[in-house]
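Enquirer: the following block contains a protein sequence and its predicted model.
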Amino acid sequence: MRSHSVIPSVRMVACLVLTTLLVACGSATTAPATTAPATTATPAATGGTLRVAYGLWWGGAESIDPLSAVPFLDAVNILYDRLVRLDATGKLVPELATAWSANADATVWTFTLREGVTFHNSAPFTSADVAYSIKRLLDPAQEAGLAGIYQIIKQIETPDPRTVVFTLAQPHAELPVLFTIYRAAIIPAESSASIAQTGIGTGAFQLAQLNPTGTTRMTAYAKSWRGAPKLDAIELIGIADADARFQALQAGQIDVLLETSPQQLTALKDNPAFVVQTFPGGIWYSLTMRTDTPPFNDVRVRRALRLLVDRQQILTLVQQGMGSIACDTTVWSGDPYRWQGSCPQDLAQARKLLAEAGYPNGLDLTLFTSDSLSGMTPLAEVYQQQAALAGVRVTIKQVPADSYWTETYGVEPFVIDGEYQYPADLSLHLFYGKGGGYNVSKFDDPAFEQLLAEARATLDPQQRSQRYQQAQQYLLEQDGTIIPFHANEEFSFSRRVAGLQTVPYIDMRWDLVTLAAK
Amino acid sequence: MLGLLFLAVHLLLAALSPLVVPYDPVAFAGGAAFAPPSAAHLFGTDNLGRDVFTRTLLGGRVALLITLAGIGLAVAWGGLLGMVLGLVGGWLDEALMRLVDAMLAIPETIFLLLIAGIVGTDHVVLILALGFLYGVGVIRIARTATLTLVAQDFVLAARARGEHQHTIVLRELLPNVLDMLLVEGALRWSWMLLAFSALSFLGFGVAPPTPDWGVMIAQNRSTFGIAPWATLFPSAAIGSLIIGINLFVGVLAKAIGLDRVDGITV
């Protein structure tokens, strides 16, 4: 047995070195020096199958039911349509609804629906489908935990197949915004039990094969109301590790990567085989404390832990400066209701607060992270160093990417999170509201709820803006979610791909995307 | 000799590097991210602007500590059990050796990931897991070596004198098996190091930001194209250590005549 022992281990070393070199070779050979700059137009599209990587956020348990607790985001966005959608400028644009209007006090909203729309099973789309889909959102038993947000809808009526009327329990001046998220996807009436298998929607692509851990294939739906899409098919390929996804792009195994780290972008930017597209966005990473768990249930501890943050350093190191500083708000810089406050580092005050809270000698904390998103562990590492300056000793615990979101996030008291942007009203309700589906910090504060309710109820845009901003300022003082920056959206894709819009990936319209022949 | 040199340098660095490194291994003050090698930063800087030279020098400490403890444990329990089984024989030997066969059939990485997933990745857990896993293979070696000894006169004489089994194991068998166990242990140590680095690479070994070669490679591999130094130097460090151990084992085996006596080419 021992006679062979040396050879394999030397071989292993050689492999290790070779593998490292191959990575280098890979990126070098994919970069023919003579290719034109990345911004020139690509050749004419010829259908084809577009391969898109996604991060297996739910470890393979992903469901295409839009209201699943473990949603297959990318697939849900492709298969289904919404009543309305936000465009690249943040403006509401028609989708399955063509027009909408409210009564004078914004308590009754009437939506007119698009004609000639069919589901993937050829059934016609009517107001009954809308009523059914939105009623599912109101159901307190639904897994997505959104019922609290949509409870404002008291009654849904369908006077005719093209009209839906929503009667609200209290005024909401911007009700249509609630219908812009992927969760508000319209599915056929009475399809609750089967939707997770069939994926029948009105989207431009229909489900051909569902395999979240491998390749999920969706083919063009020729009868789509938007007209047949330009691609023949889209394949969603599940790869849990952020670096592995990037390497798959470089190796030509996928065509599009919709979350790229700044470091990865730097590695690609001189490579003419790929295009990088960055624009200001609302993706955010956070350090999230559970406000119902010691020591984070003490607001002084929460304040101290955010006062010690040097946000500029985090933005520079974690994000290579590609983003904008945030003062712990989920509302992104392009949103009209964003609060523009300042939140400088104050180590002395942080120490003082900790001492008052009973930690004069500092505090020991365990921070959970994973390699699910490439910025997560670097954020933990930078925060750890900054915290040390205020006497807070942070131990980083890295757990596997494929079980992070199911077993660690939402369970452990101090975690790294990564989320995408939503309109202000939705975002503030979702992440901080009582009954908000993503309220991982377990924030439960009547004063905050009051501010949100007032914002919804007021018909004066200026007053509404003021309330939303006050709510964000209140979060900075009270809540347990530290959001040091909002990152730019960073897409990287093969030169053959064109038509990706400058919208968050979850709002991408794939029917506009094309793939040139090789 | 080259092997001994590599090994000596690595052990020396592991012991003394905290005294000689130019920067704080976890501080970002080292410089800009992805700075190429320069006089200030001999090996450049990594994704967070930390000094790669400092981190590479320190990067083997945890791995060496854990694997040395692990291999000590492995050789101790595996060697002892192997000798006992070789001496006692019978149904116990048969049954346990089949168990050993079954254990050896399980891929080590999967076994380690299983342990790490269930029990966690504390250093003590890792030492125990690695020690247990690598000890299984040692049982077989120690037992085989013992089997060639038990029929020899000095063991028969000890038995005739009525010596206790444990006296025979410790006084008669151990001195004769020890050299083989040393070589075996050293060899398995290099495998264990590689396995531990793989664990760190996968996020189960050393927690960031502690400098560790496996973690360094994992964190900087996607940017190999723009900052190869951040991956290459830790790779070279692991490589040189493992090659060093293997070369050293070859020399060691020759020096104690193991290759000729057993007809084994190490």
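Expert: Structure received.
Enquirer: can you show me the helices along the stretch 401-518 of chain A?
Expert: Under the criterion DSSP state H, counting those that start in this stretch, the stretch 401-518 of chain A contains helices at A:401-403, A:424-432, A:446-457, A:461-478.
Enquirer: what residues does the stretch 401-518 of chain A put near chain B?
Expert: Residues of the stretch 401-518 of chain A lying near chain B by C-beta under 8 Å from any C-beta of the partner chain: A:Ala401. C-beta: built from backbone N, CA, C; applies to glycine.
Enquirer: just want the residue of the stretch 401-518 of chain A that's nearest chain B.
Expert: Residue nearest to chain B within the stretch 401-518 of chain A: A:Ala401 (7.8 Å; C-beta to the nearest C-beta).
Enquirer: leaving out sequence neighbours, find the closest residue to that residue.
Expert: Leaving aside its chain neighbours, A:Ala401 sits nearest to A:Ser372 (4.1 Å; criterion: C-beta to C-beta, 6 or more residues apart in numbering or on different chains).
Enquirer: what's the neighbour count on the one you found?
Expert: When neighbours are counted by other C-beta atoms under 10 Å in any protein chain shown, A:Ser372 registers 25.
Enquirer: so it sits against A:Ala244, correct?
Expert: No: taking C-beta atoms under 8 Å as the definition, A:Ser372 is not a contact partner of A:Ala244, at 11.3 Å.
Enquirer: quick check: which ranges of chain B have low pLDDT?
Expert: Scanning chain B with the threshold set as pLDDT under 70 gives B:29-31, B:258-266.
Enquirer: apply 50 and report the result again.
Expert: Scanning chain B with the threshold set as pLDDT under 50 gives B:261-266.
Enquirer: quick check: the gap between the most centrally placed residue in it and B:Leu130.
Expert: Closest residue to the average C-alpha location of chain B: B:Trp189 at 2.5 Å, with C-alpha atoms, centre = their mean. The spacing between B:Trp189 and B:Leu130, counted by C-beta to C-beta, to the nearest Å, is 10 Å.
Enquirer: quick one: common contacting residues for these two?
Expert: Contact criterion C-beta atoms under 8 Å, 6 or more residues apart in numbering or on different chains; residues shared by B:Trp189 and B:Leu130: B:67, B:71.
Enquirer: which bits of the stretch 51-200 of chain B sit near chain A?
Expert: Selection of the stretch 51-200 of chain B residues close to chain A by C-beta under 8 Å from any C-beta yields B:117, B:140-141, B:183-184, B:187, B:190-191, B:194.
Enquirer: who wins on neighbours among these?
Expert: B:Glu184 (30 neighbours).
Enquirer: next SSE downstream of the helix-or-strand element of chain A with minimal mean pLDDT?
Expert: In chain A, no helix or strand scores lower on mean pLDDT, DSSP states H and E than helix A:6-29, which sits at a mean of 36. The C-terminal neighbour of helix A:6-29 among helices and strands, as given by DSSP states H and E, is strand A:49-54.
Enquirer: show me what that following strand is packed against.
Expert: Counting contacts by 3 or more C-beta pairs under 8 Å, 6 or more residues apart in numbering or on different chains; DSSP states H and E, strand A:49-54 is packed against helix A:73-79, strand A:233-238, helix A:242-250, strand A:256-257.
Enquirer: excluding covalently adjacent residues, which one is nearest to A:Ala457?
Expert: Closest residue to A:Ala457 apart from its sequence neighbours, by C-beta to C-beta, 6+ apart: A:Pro171 at 4.7 Å.
Enquirer: so which strand or helix has that neighbour?
Expert: A:Pro171 is part of no helix or strand when elements are defined by DSSP H and E.
Enquirer: now A:Arg217
Expert: Going by DSSP H and E, A:Arg217 is part of strand A:215-220.
Enquirer: give me the sheet partners of that strand and which way each runs.
Expert: Applying DSSP bridges to the sheet, strand A:215-220 is found paired with strand A:205-209 (antiparallel), strand A:233-238 (antiparallel).
Enquirer: pull up the residues of the stretch 251-400 of chain A that are close to chain B.
Expert: Contact residues (C-beta under 8 Å from any C-beta) of the stretch 251-400 of chain A with chain B: A:261, A:263-264, A:266-267, A:271, A:313, A:317-318, A:320, A:370-371, A:374, A:377-378, A:380-382, A:384-385, A:395-400.
Enquirer: just the buried ones from these?
Expert: A:261, A:263-264, A:266-267, A:271, A:313, A:317-318, A:320, A:370-371, A:374, A:377-378, A:380-382, A:384-385, A:396-400 (16 or more other C-beta atoms under 10 Å in any protein chain shown).
Enquirer: next step: those residues restricted to helices.
Expert: Using DSSP state H, the subset of these located in helices is A:263-264, A:266-267, A:313, A:317-318, A:377-378, A:380-382, A:384-385.
Enquirer: how many neighbours does the residue nearest to A:Ala457 have?
Expert: Per other C-beta under 10 Å, the neighbour tally for A:Pro171 reads 18.
Enquirer: what do you get for B:Ala105?
Expert: 7.
Enquirer: hang on, the earlier thing: would JSON lines of the residues of the stretch 51-200 of chain B next to chain A with secondary structure and distance to A:Pro124 be doable?
Expert: Shown next, in JSON lines, are those (DSSP: H, G, I helix; E, B strand; the rest coil; distance: C-beta to C-beta, whole Å):
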{"residue": "B:Gly117", "secondary structure": "helix", "distance to A:Pro124": "50"}
{"residue": "B:Arg140", "secondary structure": "helix", "distance to A:Pro124": "71"}
{"residue": "B:Ile141", "secondary structure": "helix", "distance to A:Pro124": "75"}
{"residue": "B:Val183", "secondary structure": "helix", "distance to A:Pro124": "78"}
{"residue": "B:Glu184", "secondary structure": "helix", "distance to A:Pro124": "75"}
{"residue": "B:Leu187", "secondary structure": "helix", "distance to A:Pro124": "72"}
{"residue": "B:Ser190", "secondary structure": "helix", "distance to A:Pro124": "69"}
{"residue": "B:Trp191", "secondary structure": "helix", "distance to A:Pro124": "65"}
{"residue": "B:Leu194", "secondary structure": "helix", "distance to A:Pro124": "62"}
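Enquirer: from those residues, pick the one nearest B:Asn220.
Expert: For these, the minimum distance to B:Asn220 (C-beta to C-beta) is 18.8 Å, reached by B:Leu194.
Enquirer: surely A:Gly60 is in contact with A:Asp402?
Expert: Yes: judged on C-beta under 8 Å, A:Gly60 makes contact with A:Asp402 at a distance of 7.2 Å.
Enquirer: more neighbours: which of the two?
Expert: The residue with more neighbours, out of A:Gly60 and A:Asp402, is A:Asp402; 21 against 15, by other C-beta under 10 Å.
Enquirer: that one contacts A:Gly59, doesn't it?
Expert: Yes: using C-beta under 8 Å, A:Asp402 is in contact with A:Gly59, at 4.4 Å.
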